[in-house]
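**Student:** Based on what follows, work out the 3D shape:
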Amino acid sequence: MLMKIHKNWKIFASLFIIFGPAQYIILTAVAMLFYAGGTLINPISPGYFFWGNFFSDLGRVIALSGAPNDISFVIFTITALILSISFIPFAFAITSFFKNDRKLYLIVRVGSLVCLTSIIFLIGTILTPWDIFANTHLLFANLFNLTGVLGIVFFTVAVLYNKDYPNRYAFVYIALLIVGITYTIVLISIPKSITLDGLIIQASMQKVSQYSFLICFLIQGYGAWKLQKYKIKL
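**Tutor:** Numbering: from 1, shown residues only. Predicted structure coming up:
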(Lines give C-alpha, C1' and ligand atoms only; values in the text may rest on other atoms or scores of the structure.)
Protein backbone atom coordinates (compact mmCIF):
# COMPACT_ATOMS: atom_id res chain seq x y z
CA MET A 1 0.00 0.00 0.00
CA LEU A 2 2.79 2.41 0.95
CA MET A 3 4.68 1.52 -2.23
CA LYS A 4 1.58 2.29 -4.32
CA ILE A 5 1.12 5.67 -2.62
CA HIS A 6 4.82 6.42 -3.19
CA LYS A 7 4.55 5.67 -6.92
CA ASN A 8 1.27 7.56 -7.27
CA TRP A 9 2.87 10.59 -5.62
CA LYS A 10 5.58 10.62 -8.27
CA ILE A 11 2.97 10.39 -11.02
CA PHE A 12 1.15 13.32 -9.40
CA ALA A 13 4.41 15.30 -9.41
CA SER A 14 4.82 14.65 -13.15
CA LEU A 15 1.23 15.64 -13.91
CA PHE A 16 1.45 18.72 -11.69
CA ILE A 17 4.44 20.03 -13.65
CA ILE A 18 2.28 19.69 -16.78
CA PHE A 19 -0.66 21.45 -15.14
CA GLY A 20 1.42 24.33 -13.72
CA PRO A 21 2.74 25.72 -17.02
CA ALA A 22 -0.53 24.93 -18.86
CA GLN A 23 -2.70 26.92 -16.45
CA TYR A 24 -0.13 29.74 -16.46
CA ILE A 25 -0.28 30.05 -20.26
CA ILE A 26 -4.08 30.15 -20.20
CA LEU A 27 -4.58 32.43 -17.19
CA THR A 28 -1.90 34.96 -18.11
CA ALA A 29 -3.73 35.30 -21.44
CA VAL A 30 -6.86 36.08 -19.43
CA ALA A 31 -4.91 38.54 -17.25
CA MET A 32 -3.75 40.30 -20.42
CA LEU A 33 -7.39 40.98 -21.31
CA PHE A 34 -7.87 42.79 -17.99
CA TYR A 35 -4.58 44.73 -17.93
CA ALA A 36 -5.33 48.41 -17.31
CA GLY A 37 -3.08 49.71 -20.09
CA GLY A 38 0.22 51.48 -20.63
CA THR A 39 3.78 50.54 -21.60
CA LEU A 40 7.12 51.88 -20.44
CA ILE A 41 7.27 54.39 -23.29
CA ASN A 42 3.57 54.97 -23.90
CA PRO A 43 1.42 55.27 -20.75
CA ILE A 44 -1.73 55.90 -22.80
CA SER A 45 -1.38 52.69 -24.78
CA PRO A 46 -4.72 50.86 -24.42
CA GLY A 47 -4.83 47.38 -22.92
CA TYR A 48 -1.95 44.92 -23.05
CA PHE A 49 0.47 45.25 -25.97
CA PHE A 50 1.76 41.67 -26.38
CA TRP A 51 5.05 42.75 -27.98
CA GLY A 52 5.53 45.83 -25.79
CA ASN A 53 4.46 44.79 -22.30
CA PHE A 54 6.25 42.39 -19.98
CA PHE A 55 4.73 39.57 -17.92
CA SER A 56 5.63 41.57 -14.81
CA ASP A 57 3.30 44.34 -16.00
CA LEU A 58 0.41 41.96 -15.36
CA GLY A 59 1.49 41.75 -11.73
CA ARG A 60 1.57 45.49 -11.16
CA VAL A 61 -0.85 46.87 -8.56
CA ILE A 62 -1.08 50.08 -10.60
CA ALA A 63 -0.75 49.72 -14.37
CA LEU A 64 1.68 51.84 -16.35
CA SER A 65 -1.32 53.92 -17.43
CA GLY A 66 -1.76 54.96 -13.80
CA ALA A 67 -5.05 53.07 -13.47
CA PRO A 68 -5.69 50.37 -10.82
CA ASN A 69 -4.75 46.94 -12.13
CA ASP A 70 -6.65 44.83 -9.59
CA ILE A 71 -8.08 42.03 -11.75
CA SER A 72 -4.93 41.44 -13.77
CA PHE A 73 -2.83 41.61 -10.59
CA VAL A 74 -4.93 38.98 -8.77
CA ILE A 75 -5.10 36.59 -11.74
CA PHE A 76 -1.39 36.89 -12.48
CA THR A 77 -0.30 36.49 -8.86
CA ILE A 78 -2.41 33.37 -8.29
CA THR A 79 -1.46 31.65 -11.56
CA ALA A 80 2.25 32.48 -11.12
CA LEU A 81 2.24 31.09 -7.56
CA ILE A 82 0.59 27.87 -8.78
CA LEU A 83 3.27 27.63 -11.46
CA SER A 84 6.00 28.08 -8.85
CA ILE A 85 4.55 25.46 -6.49
CA SER A 86 4.19 22.93 -9.34
CA PHE A 87 7.98 22.71 -9.60
CA ILE A 88 8.49 21.65 -5.97
CA PRO A 89 7.25 18.02 -6.10
CA PHE A 90 8.87 17.56 -9.52
CA ALA A 91 12.26 18.61 -8.12
CA PHE A 92 12.01 15.78 -5.59
CA ALA A 93 10.45 13.17 -7.89
CA ILE A 94 12.96 13.57 -10.73
CA THR A 95 15.78 12.17 -8.56
CA SER A 96 14.14 8.71 -8.48
CA PHE A 97 15.18 8.06 -12.09
CA PHE A 98 18.89 8.25 -11.24
CA LYS A 99 19.30 6.09 -8.12
CA ASN A 100 21.09 3.32 -10.04
CA ASP A 101 24.04 5.60 -10.83
CA ARG A 102 25.69 7.24 -7.84
CA LYS A 103 27.36 10.06 -9.79
CA LEU A 104 24.25 10.97 -11.79
CA TYR A 105 22.15 10.75 -8.64
CA LEU A 106 24.45 13.26 -6.95
CA ILE A 107 24.31 15.56 -9.98
CA VAL A 108 20.51 15.53 -10.15
CA ARG A 109 20.23 16.00 -6.37
CA VAL A 110 22.40 19.12 -6.62
CA GLY A 111 20.30 20.26 -9.59
CA SER A 112 17.12 19.75 -7.58
CA LEU A 113 18.51 21.77 -4.67
CA VAL A 114 19.50 24.60 -7.02
CA CYS A 115 16.06 24.52 -8.65
CA LEU A 116 14.31 24.62 -5.28
CA THR A 117 16.38 27.70 -4.47
CA SER A 118 15.36 29.13 -7.85
CA ILE A 119 11.70 28.56 -6.98
CA ILE A 120 12.13 30.61 -3.79
CA PHE A 121 13.49 33.47 -5.90
CA LEU A 122 10.60 33.08 -8.35
CA ILE A 123 8.07 33.34 -5.54
CA GLY A 124 9.95 36.39 -4.28
CA THR A 125 9.67 37.94 -7.76
CA ILE A 126 5.92 37.33 -7.83
CA LEU A 127 5.30 38.75 -4.35
CA THR A 128 7.22 41.97 -5.05
CA PRO A 129 5.23 43.86 -7.73
CA TRP A 130 7.72 45.93 -9.67
CA ASP A 131 5.75 49.17 -9.41
CA ILE A 132 6.15 48.99 -5.60
CA PHE A 133 9.37 47.02 -5.05
CA ALA A 134 11.26 47.71 -8.26
CA ASN A 135 14.80 46.95 -7.06
CA THR A 136 13.82 43.92 -4.99
CA HIS A 137 11.69 42.56 -7.84
CA LEU A 138 14.60 42.91 -10.26
CA LEU A 139 17.02 41.28 -7.81
CA PHE A 140 14.76 38.27 -7.30
CA ALA A 141 14.16 38.00 -11.07
CA ASN A 142 17.89 37.98 -11.82
CA LEU A 143 18.59 35.42 -9.08
CA PHE A 144 15.77 33.24 -10.40
CA ASN A 145 17.20 33.35 -13.93
CA LEU A 146 20.75 32.62 -12.72
CA THR A 147 19.88 29.70 -10.44
CA GLY A 148 17.27 28.38 -12.88
CA VAL A 149 19.84 28.13 -15.69
CA LEU A 150 22.35 26.47 -13.35
CA GLY A 151 19.78 23.92 -12.20
CA ILE A 152 18.84 23.08 -15.78
CA VAL A 153 22.52 22.51 -16.60
CA PHE A 154 22.67 19.84 -13.87
CA PHE A 155 19.45 18.23 -15.12
CA THR A 156 20.75 18.25 -18.70
CA VAL A 157 23.95 16.43 -17.76
CA ALA A 158 22.08 13.87 -15.65
CA VAL A 159 19.52 13.08 -18.35
CA LEU A 160 22.09 13.06 -21.15
CA TYR A 161 24.24 10.41 -19.44
CA ASN A 162 21.40 8.25 -18.09
CA LYS A 163 20.98 5.32 -20.48
CA ASP A 164 17.43 4.69 -19.22
CA TYR A 165 16.25 8.29 -19.74
CA PRO A 166 15.62 9.22 -23.41
CA ASN A 167 18.17 11.73 -24.69
CA ARG A 168 15.49 13.79 -26.41
CA TYR A 169 14.55 15.25 -23.03
CA ALA A 170 18.14 16.41 -22.55
CA PHE A 171 17.99 18.06 -25.97
CA VAL A 172 14.85 19.92 -24.87
CA TYR A 173 16.80 21.26 -21.88
CA ILE A 174 19.67 22.25 -24.19
CA ALA A 175 17.29 24.12 -26.49
CA LEU A 176 15.96 26.03 -23.47
CA LEU A 177 19.50 26.91 -22.39
CA ILE A 178 20.27 28.27 -25.87
CA VAL A 179 17.15 30.45 -25.76
CA GLY A 180 18.02 31.67 -22.25
CA ILE A 181 21.61 32.53 -23.15
CA THR A 182 20.45 34.33 -26.32
CA TYR A 183 17.94 36.34 -24.28
CA THR A 184 20.66 37.34 -21.83
CA ILE A 185 23.00 38.45 -24.62
CA VAL A 186 20.21 40.52 -26.20
CA LEU A 187 19.47 42.25 -22.89
CA ILE A 188 23.14 43.09 -22.38
CA SER A 189 23.52 44.38 -25.95
CA ILE A 190 20.50 46.70 -25.93
CA PRO A 191 21.22 50.29 -24.84
CA LYS A 192 19.97 51.23 -21.37
CA SER A 193 17.75 54.03 -22.70
CA ILE A 194 14.32 52.68 -23.63
CA THR A 195 13.22 53.18 -27.23
CA LEU A 196 10.21 51.67 -28.97
CA ASP A 197 12.41 49.26 -30.92
CA GLY A 198 14.38 48.33 -27.80
CA LEU A 199 11.21 47.77 -25.80
CA ILE A 200 9.70 45.54 -28.48
CA ILE A 201 12.91 43.49 -28.71
CA GLN A 202 13.10 43.04 -24.93
CA ALA A 203 9.41 42.22 -24.48
CA SER A 204 9.39 39.88 -27.48
CA MET A 205 12.50 38.05 -26.32
CA GLN A 206 10.99 37.70 -22.86
CA LYS A 207 7.90 36.09 -24.40
CA VAL A 208 10.05 33.68 -26.45
CA SER A 209 12.19 32.85 -23.41
CA GLN A 210 9.31 32.36 -20.99
CA TYR A 211 7.12 30.35 -23.35
CA SER A 212 10.16 28.18 -24.17
CA PHE A 213 10.61 27.62 -20.43
CA LEU A 214 6.94 26.65 -20.02
CA ILE A 215 6.91 24.32 -23.04
CA CYS A 216 10.15 22.71 -21.88
CA PHE A 217 8.62 21.68 -18.57
CA LEU A 218 5.36 20.60 -20.18
CA ILE A 219 7.50 18.18 -22.19
CA GLN A 220 9.62 17.17 -19.18
CA GLY A 221 6.50 16.46 -17.14
CA TYR A 222 5.07 14.33 -19.92
CA GLY A 223 8.34 12.42 -20.23
CA ALA A 224 8.56 11.81 -16.48
CA TRP A 225 4.93 10.69 -16.42
CA LYS A 226 5.56 8.16 -19.22
CA LEU A 227 8.63 6.78 -17.43
CA GLN A 228 6.75 6.50 -14.14
CA LYS A 229 3.92 4.63 -15.83
CA TYR A 230 6.47 2.30 -17.43
CA LYS A 231 8.15 1.63 -14.07
CA ILE A 232 4.79 0.77 -12.48
CA LYS A 233 4.05 -1.77 -15.23
CA LEU A 234 7.38 -3.43 -14.47
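
**Student:** Give the burial count for residue 94, as a bare number.
**Tutor:** Per other Cβ atoms under 10 Å, the neighbour tally for residue 94 reads 26. From N, CA and C alone the C-beta is placed, and that goes for glycine too.

**Student:** Was I right to think it contacts residue 225?
**Tutor:** No. Using Cβ atoms under 8 Å as the test, residue 94 is too far from residue 225 to be in contact (11.6 Å).

**Student:** residue boundaries of the helices in the protein?
**Tutor:** For the chain, the helices defined by DSSP state H cover 2-34, 55-58, 70-93, 102-126, 134-160, 167-189, 196-233.

**Student:** Could you check the angle the third one makes with helix 102-126?
**Tutor:** Angle, helix 70-93 to helix 102-126, by axes from the mean of the first three to the mean of the last three Cα atoms, to 10 degrees: 170 degrees.

**Student:** Just the angle for helix 70-93 relative to helix 134-160, thanks.
**Tutor:** Going by the same axes, to 10 degrees, helix 70-93 makes 30 degrees with helix 134-160.

**Student:** Distance from the chain centre to helix 70-93, please.
**Tutor:** Computed by Cα atoms, centre = their mean, to the nearest Å, the chain-centroid distance of helix 70-93 equals 9 Å.

**Student:** What residues of that helix count as buried?
**Tutor:** Buried residues in helix 70-93, counted by 16 or more other Cβ atoms under 10 Å: 72-73, 75-77, 79-84, 86-91, 93.

**Student:** This completes my enquiry, with thanks.
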